[in-house]
Every structure is written in C-alpha cells, then in structure tokens.
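Student: what's the 3D shape of this:
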Amino acid sequence: METHPWRKSTLFRLIDLETLNLAYNDFNCSQIPSQVGQLSRLTHLNLSYSWFSGEIPPQVFNLSRLISLDLSDDFGHLKLHKPSLRDLVQNFIYLKELHLSRVNISSRVPDILANFSALESLRLSGCELQGEFPIGIFQLPNLKMLDISGNEDLKVYMPPFRLGSILKSLILRRTYFVGELPSSIGNLACLEEDPDVLQWAHLTILDIRSNMLQGSLLSIPLWSTNYSDGSISLAWRNGCNLRFINLSQNRLQGQVPRSLANCSMLEFIDFGDNQLNDSFPCWLGNLPKLRVLILRSNGFYGALRKVGTGTFPKLHIIDLSQNEFTGDLPSAYFEIWDAMKITDTSHMTYMGDYTVGQFPYFLYGIYGYSITMNNKGLELEYLKIPSTLAAIDLSCPVPQGKQFDTFDSNSYQGNSGLCGALLEKKCGSFETIPSTPSTFTEDENSRSFFKINWMIILIGYAGGLIVGVVAGNEFTKRKHDWFVKAFRRKLQEGKGRKA
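Tutor: Numbering: from 1, shown residues only. Purely as a prediction, here's the structure:
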C-alpha cells in the first residue's frame, strides 16, 4: 500500500502531459505512485533525489514514449529487482537519457542497451551491478556521458574507440577495470596527432581516482589486473575545456603536468595521495577559475615563493598537508586569496552544479564535485561542496629547533594528527628533515584581510612551514588579523627568552 496520498492528486488526470519533473523534493520515503503509468504521453520523467523508496512500480514501464528517465537516488532506497533492468529498458526504445544512479539493481547490465543508438547519457553509478559490462555501450554513436562508477563487482573492458566519437565524460572509478587502456582513446576528441597523448579538446571531466595507476603523472601507465600496461601522456593544448581533474589515491610519480596551464576553464584539481615529487606549482595561480586545489600526501618540497597579486583569484579550498615544504609562509598568500574573504551565503549553491557541455539539464544532469578534508585527525567527506566553503590545510609534522623549542607540548593539544620531537607521537621519516628558520613572514606594508570566521587553527609544520588552517563554513565581514598577531606575539616571546 502506498504511504503517500497520491490518490487525491489531480496530477494524474493530465493525460496529455509530456514532461514531469519532481526532482529534489521530499516524499518521505513513499513509493513512486503507480498512477504515473497513466501519463502515457510522457517523454521526460525526472523523480531524482526526492526520497522515494521501495520497488520501482512496473507501471512506469508502460511509458514507452520516454526519451529521458531519471530516477537517481542519494541513499539507495529505490530498488529495481522485479521487474528487472532488462524489463525496463526493452520497453524504452527511444531513450536518450537513462539515469538510475544509486538505485539498487543488483544484476547484470543487459546487452540490449548496446542497441540503443539514440542513447546520449547513461548513469548507473552505485547500482551494485554485476558481471561484465557490455562492451558495445562504449561504442554507441551518440553517447556523450557514461558513468558506471561505484560498482566494484562490475568487470569493465575498454574497447577500441572509433574515430570521431563524441563521448565527453567517462567515469569508471571504483569498478573492476581489466586490461589496457587502448591507444585509440585519443579518438574521443578527434585527435589529430600522437594517439598516445591526451589532447582532448572537448573533454570537461577526467575522474580516475582510486585506481592502481602507477608511474609518472606525465606518462601514466594504467595497470591491469595482470600487470601488463599501456601508457598515456597528459598534454593539453591551448583552449582545452577541462573543468575537473581528479587523479587522487593512485601511485603516480613525477611532476604536475605544465600543460595544465593551457586549461583556463579548470575549477577542480585533486592529485592527493600519490607520490608526486615537485615544487609548489605556483603557476596554477594563473588559472582564472580554479576553486579547489588538493595536493596532500605527496612529496612536494621547497619553499612557497611569494606570488603576485591577482593569482588564485577564485580559490576557495587548498590542501597542501603531509608534504615536505620548508621555509617561510609569506602572508601575501592570505591577502591574494580574495575568494575566501567575503562570501554571499544568501545564494549558496554547490560547486560543479552545471550541465556538462552546452546541453539541457535533462540530457546530462549534474556532476557534483566532492572532497575529503581532515579536521583534527578526523576525515570529513563532502559529497557536494557548498560554494561558501573555504578551507586551508597546510598541516604536517612539527619542526625542531629555533623558536618552536620554546613551545611546551600543551601548545599542540587537540591536534591528534600532529607529530614531532616535541610530542609523544613521532613522525617516522619526517624526523630526518632538518629544521629551518620558522617565521611567519609579513612585509612591512603587507596586512592580512582574511575575513573568514576561523573554526580551527592547526599548528602544523613540515620542516619549517609554520601554519595549518582549516576554515569552517561560517563567514563574517569582520576583519580578522588575530591570526597574524598571534604568531607575531609567539615570535616576540621566543626572541625575548633567548635574549
């Protein structure tokens, strides 16, 4: 019996209705009403993220004119068992968009989907899919978006791609990827030259986090289950449309590709949890739309050089923690991070909420950005990033020597992630990092107008880098220079003791 009083609704009397969009509502875990099957003229049905639950009623399958069907769910309350996914798709021969993310399907992907030549967008992430993914779906002539991520029991072989393929977004994270990446993947952007080089002019999203990628970031070997490999090089030309790149949680080495400087549309970069070895890529500050930069847990080294005004103009989130930076942190960084200072919370949205390409929402849906931040040793996962969120994390081991020897261990209470000679918790390999003069450098004419209401300040260090900060979601227009003053006071106290 349905828990929502749909029988009283006049909605289902609109028998000539062609588009029905009830997305982002709260139907209190009620079932999808079977009466929706009465709307036989529907071509677009969107019930996504509206807190429906239970089995998808078979009456939905009567809507044979559907071009777009979106039943995506955030929490896996919806099920598609009886009838099955095969039963559903064989009735929808005109489909251009099929979005069932987080619907509990728990079956194989039917081979019949490879015959849907009109299909443009297929999202089946987190559906507990099984078996082998039909290879023919990759080669559908009109496919632009394919997301089958989060299906760890789904075996995926990637076929050769035809020249002129218009596939723009391919999301395979957390699947059982088998075999080599074909050199013909360059055909995804009508590649004119070296087929081993990623120069996809129209690619907007590259997300291959949490795989077994090894080797140089400039030439990535994509390792298969039997450890045979093929490699591709990351090289982007001027005018690239890349907005999002996430290669985190792999085993990549080398340097950040300098060709990313050609991607002026980039908003999100996450190379965290790899083995990169490079100085701080300050040249990324010239990207006019960059909002998120995550380089944590790598081997980045050296000093953070001063940067000019106008760099990192849109930056909201930066995570450089657990690296090997040394030297001083110029206060100029806090001055140039203008996007963190004043935020209009009255019009809060989520980062990444845009349609992929220039196509309507019903064709593609939204690809939301997500991050994981550390807060005093606890991991906070943001499945969607509020546009008002600002965060800075530069935390690393506490250095030895100089003025920090004057701090007692109580100075670091409440920061369980810290380690160092002054603490009971030691830092392993970081113990050998030589200490360097550790001062918070501020030019005489330089001041910090950082207008975030500080939630947490982590005194974290990497061989002399002296500040780690995680800022919360609360914002104020009040000027906060307490942060700089506190460090000045500590430095003056240290000098006084030595005198």
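Student: quick one: secondary structure of the closest residue to residue 274 other than its chain neighbours?
Tutor: Excluding the flanking residues, the one nearest residue 274 by Cβ to Cβ, 6 or more residues apart in numbering is residue 252, at 4.2 Å. In short, each C-beta sits where N, CA and C put it, glycine included. Assigned by DSSP: H, G, I helix; E, B strand; the rest coil, the conformation of residue 252 is strand.
Student: what residue ranges in the stretch 51-200 of the chain score low on pLDDT?
Tutor: For the stretch 51-200 of the chain, the stretches with pLDDT under 70 are 179-181, 183, 185-200.
Student: Okay, domains of this protein per the record?
Tutor: Per automatic domain parsing, the structural domains of the chain span 1-178, 279-499.
Student: for the closest residue to residue 255 other than its chain neighbours, what are its contacts?
Tutor: Distance criterion Cβ to Cβ, 6+ apart; nearest residue to residue 255, sequence neighbours excluded, is residue 278 at 4.2 Å. By Cβ atoms under 8 Å, 6 or more residues apart in numbering, the contact set of residue 278 is 254, 255, 256, 298, 299, 300, 301.
Student: does the first one have beta-bridge partners, and which?
Tutor: This points to residue 254. On the basis of DSSP bridges, residue 254 is bridged to residue 276.
Student: I'd like to know how far it sits from residue 262.
Tutor: Residue 254 sits at a distance of 18 Å from residue 262 (criterion: Cβ to Cβ, to the nearest Å).
Student: try the second one
Tutor: As for residue 255, its distance to residue 262 is 16 Å (criterion: Cβ to Cβ).
Student: Now stretch 14-28: buried residues?
Tutor: Going by neighbour count (16 or more other Cβ atoms under 10 Å), the buried part of stretch 14-28 is 17, 20, 22, 23, 27.
Student: now stretch 381-397
Tutor: By neighbour count on 16+ other Cβ under 10 Å, the buried set for stretch 381-397 is 382, 384-385, 387-397.
Student: In strands, which of those appear?
Tutor: Those of the buried residues of stretch 381-397 mapping onto strands are 382, 391, 392, 393, per DSSP state E.
Student: could you measure the first one against residue 12, distance?
Tutor: To residue 12, residue 382 is 38 Å away according to Cβ to Cβ.
Student: residues contacting the residue lying closest to residue 104 once chain neighbours are set aside?
Tutor: Spatial nearest neighbour of residue 104, excluding adjacent residues (Cβ to Cβ, 6+ apart): residue 79 at 4.6 Å. Residue 79 is in contact with 54, 55, 56, 103, 104, 105, counting by Cβ under 8 Å, 6+ apart.
Student: I'd say the fifth one and residue 84 touch.
Tutor: No: under the criterion of Cβ atoms under 8 Å, residue 104 makes no contact with residue 84, lying 11.8 Å away.
Student: on that earlier part again, out of the buried residues of stretch 14-28, the closest to residue 165 would be?
Tutor: Nearest to residue 165, judged by Cβ to Cβ, of the buried residues of stretch 14-28 is residue 23 at 29.5 Å.
Student: Might you list the low-confidence residue ranges for the stretch 251-400 of the chain?
Tutor: Low-confidence segments of the stretch 251-400 of the chain, defined by pLDDT under 70: 342-345, 353-368, 375-377, 396-400.
Student: If we use 80, what do you get?
Tutor: Counting by pLDDT under 80, the stretch 251-400 of the chain has low-confidence residues at 251, 306-309, 328-335, 341-370, 373-384, 386-388, 394-400.
Student: quick one, strands of it?
Tutor: Along the stretch 251-400 of the chain, counting by DSSP state E, counting those that start in this stretch, strands occupy 251-254, 268-270, 275-276, 292-294, 301-302, 317-319, 324-325, 329-330, 371-375, 378-382, 391-393.
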